[in-house]
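[1] Provide a 3D model corresponding to the input given below.
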Amino acid sequence: MGSLGAILRHPDDLYPLLKLKIAANHAAKQIPPEPHWAFCYTMLHKVSRSFGLVIQQLGPELRNAVCIFYLVLRALDTVEDDTSINFDIKVPILEAFHRHIYDPKWHFSCGTKEYKVLMDQFHQLSTSFLELGKGYQEVIEDITKRMGAGMAKYILKEVETVDEYDEYCHYVAGLVGLGLSKLFYASKFEDLVSDSLSNSMGLFLQKTNIIRDYLEDINEIPKSRMFWPREIWSKYVNKLEDLKYKEISDKAIQCLNDMVTDALLHAEDCLKYMSDLRDPSIFRFCAIPQVMAIGTLALCYNNIEVFRGVVKMRRGLTAKIIDRTNTMADVYGAFFDFSTMLKFKVEKNDPNATKTLSRIEAIQKCCSNSGLLNQRRSYILDTKARFNSALVNPILFHISSDII
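    Numbers count the residues shown, from 1 in each chain. Reported below is the predicted structural model:
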């Protein structure tokens, strides 16, 4: 539940943390009795505790489909991420993965910790997949096939341009957005959303993760795999790994800010997507990760710690987001507040300052035009408090520690 010091600094975190703890205990008691489904839901909570809690709120049929969809793609991602696998072995597996999900006898040992367990007992996942409705199976198969092909394409390919960066993020995350939209439609709870908006939902999350995880990815053993596009980082350094060296901290910060500015481009599409959702449980399922993404970008912007260690939200703030993201007014408020925090970190001498401020203003205009800002509950400050650099800086300093 986080350190005592963090709770003392943020006493209003305590109640959301307690509620989250209770929700986690409740979710653990709701694991299905069938061995294969029990395995899937247990693995879901191991590989993503916060996601696992949100998914539990979906209706039973859709919950099972999204659980399997998520785990299938985590398994596929485990194959892609394992840098110890030779390319001539990895590529055929990625390209054929959509067929393996129909075969309860197939498994491939790779990955580490809980991901190795997932791969070693893939038959449990396959057995559960085969019990889903035909419509759900077709969506999962299609997205897995397209994602595997995209991952295989980029195994030996460096991300050179911003267009290639967008394409890679589409394959590994935008397709997740498309798949979820189709699962929601198959459940008859939502209308089918455009591919463009669905893609943006995935890209916003993926680009946030790529930015935040720079140091972890560049230090990957036995070989680093990075997806910051050369078109951006080559403006600041000769080699991507140079960004982690203290001697060029100024250039590293400028490059980081450029990457965050690029990610902000997708925020308006995300707001549009979420505003069109009708089912409350699906809305929360989609909205919570997006709010965490804009908050993480606000934390990462102009923050040299991205190149020094782990940059994540404190547990209490994560608990608040999960507790307080219930309506579109909450989402508009969160995007407005976090973008305001980011705005006060923009320095005039940053080479992308004008572009960054323009994208922040577009986000805030979208939020303001909704007419719902006066209904928001602030995650960060009392809504009556005025933002200023003296106040924002210590708040940003404390948005850290482990994520749930």
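[2] how far away is Leu94 from Thr318?
    Going from Leu94 to Thr318 by C-beta to C-beta, to the nearest Å gives 32 Å. C-betas here are computed from N, CA, C, even on glycine.
[3] quick one, which of those two is more surrounded?
    Taking neighbours as other C-beta atoms under 10 Å, Leu94 and Thr318 compare with Thr318 leading, 28 against 22.
[4] The more buried one: which element?
    Assigned by DSSP states H and E, Thr318 belongs to helix 315-324.
[5] gap between that helix and the chain center?
    Centroid separation for helix 315-324 versus its chain: 15 Å, with C-alpha atoms, centre = their mean, to the nearest Å.
[6] Going by residue numbers, what spans are helices in the stretch 201-350 of the chain?
    214-218, 230-233, 249-264, 267-275, 280-300, 315-324, 328-343 (DSSP state H, counting those that start in this stretch).
[7] what about the first one, distance to the chain center?
    Taking C-alpha atoms, centre = their mean, one finds the center of helix 214-218 at 16 Å from the center of the full chain.
[8] Next, the buried residues of that helix.
    Applying a neighbour-count criterion of 16 or more other C-beta atoms under 10 Å, one finds 214-215, 217-218 buried in helix 214-218.
[9] Averaged pLDDT, that helix. What do you get?
    Mean pLDDT, helix 214-218: 89.
[10] do the same with the second one
    Along helix 230-233, the predicted confidence averages to a pLDDT of 97.
[11] neighbours of Lys272, just the number please.
    Neighbour tally, Lys272, other C-beta under 10 Å: 16.
[12] Geometric centre of this structure: which residue is closest?
    With distances taken as C-alpha atoms, centre = their mean, the residue of the chain nearest its centroid is Leu205 (3.8 Å).
[13] show me what contacts the residue nearest to it when sequence neighbours are not counted?
    Distances taken as C-beta to C-beta, 6 or more residues apart in numbering put Ala293 closest to Leu205, at 5.3 Å, once the chain neighbours are dropped. When the contact criterion is C-beta atoms under 8 Å, 6 or more residues apart in numbering, the partners of Ala293 are 204-205, 208.
[14] swap in Phe51?
    With C-beta under 8 Å, 6+ apart, Phe51 has these contacts: 44, 70, 289.
[15] What's the local residue count around the last one?
    Just to be clear, that refers to Pro289. Pro289 - counted by other C-beta under 10 Å - has 19 other residues nearby.
[16] on that earlier part again, state the distance from the residue nearest to Leu205 to His123.
    Ala293 is 34 Å from His123, by C-beta to C-beta.
[17] Repeat that for Glu80.
    Taken as C-beta to C-beta, the span from Glu80 to His123 is 21 Å.
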